[in-house]
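Trainee: Attaching a predicted model along with its sequence, questions to come.
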Amino acid sequence: MLKKGTKLYSILTGSCPKCHEESMYKVKNPYHLGSLFKMYERCSHCQTKYKIEPSFFYGAMYVSYAVGIAFAVAAFVVAFFAFNLSLFHTFLAIVGTLIVFMPIIIRLSRNIWINIFIKYQGKSIQID
């Protein structure tokens with residue numbers, strides 16, 4: 001289902017958007033908060049530069065808004081319709097969901113943002 005060569009693969013795994021051969025992040029676990037934003041400068045396989053320009057990932061803030069809304073809507077549907085919680089408890093469920101999933105939302109947003117600008121090109125020859 002999740003194959004190399006698809007944008008979805010790169011977005012969900014955090015792998016290089018150009019070759020899908022390695023992770024862009026120094027620490028794969030987004031819940032290691034001290035390393036949440038630490039990325040490699042370049043891909044060791046295809047030499048793709050991840051930070052295309054200074055402050056490149058500021059644009060991911062706009063994506064994180066949409067991703068956060070998607071998580072909030074999912075939390076609302078589950079809490080209000082599946083568990084029949086009151087509006088107040090549903091609100092608490094939404095806030096809790098956004099707090100718990102914030103590191104994942106941040107990483108997903110960065111992955112989506114870079115995949116907008118860089119497309120998959122398959123295996124490339126490593127430059128020494």
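Mentor: All right, it came through fine. Numbering: from 1, shown residues only.
Trainee: any low-confidence regions in this structure?
Mentor: 1, 123-128 (pLDDT under 70).
Trainee: how about the strands in this structure?
Mentor: Using DSSP state E, no strands are found in the chain.
Trainee: For the most centrally placed residue in the chain, list the residues it contacts.
Mentor: What sits nearest the mean C-alpha location of the chain, by CA atoms, centre = their mean, is residue 108, with 1.3 Å. Residue 108 makes contact with 11, 12, 64, 67 under the criterion CB atoms under 8 Å, 6 or more residues apart in numbering. Using the backbone N, CA and C atoms, a C-beta is placed for each residue, glycine as well.
Trainee: how about a cut-off of 7 Å?
Mentor: Contact analysis of residue 108 by CB atoms under 7 Å, 6 or more residues apart in numbering lists 11, 67.
Trainee: What separation do you get for it and residue 83?
Mentor: 25 Å (CB to CB, to the nearest Å).
Trainee: Also residue 37?
Mentor: Applying CB to CB to residue 37 and residue 83 gives a distance of 34 Å.
Trainee: Between those two, which is the more surrounded one?
Mentor: residue 37 (13 against 10; other CB atoms under 10 Å).
Trainee: Can you get me a residue count around residue 49?
Mentor: 13.
Trainee: distance of it from residue 8?
Mentor: Distance from residue 49 to residue 8, counting by CB to CB: 23 Å.
Trainee: same thing with residue 62?
Mentor: 20 Å.
Trainee: now swap in residue 106 and tell me
Mentor: According to CB to CB, residue 106 stands 18 Å off from residue 8.
Trainee: Tell me which of the two has more neighbours.
Mentor: Neighbour count, other CB under 10 Å: between residue 106 and residue 8, residue 106 has more, with 20 against 13.
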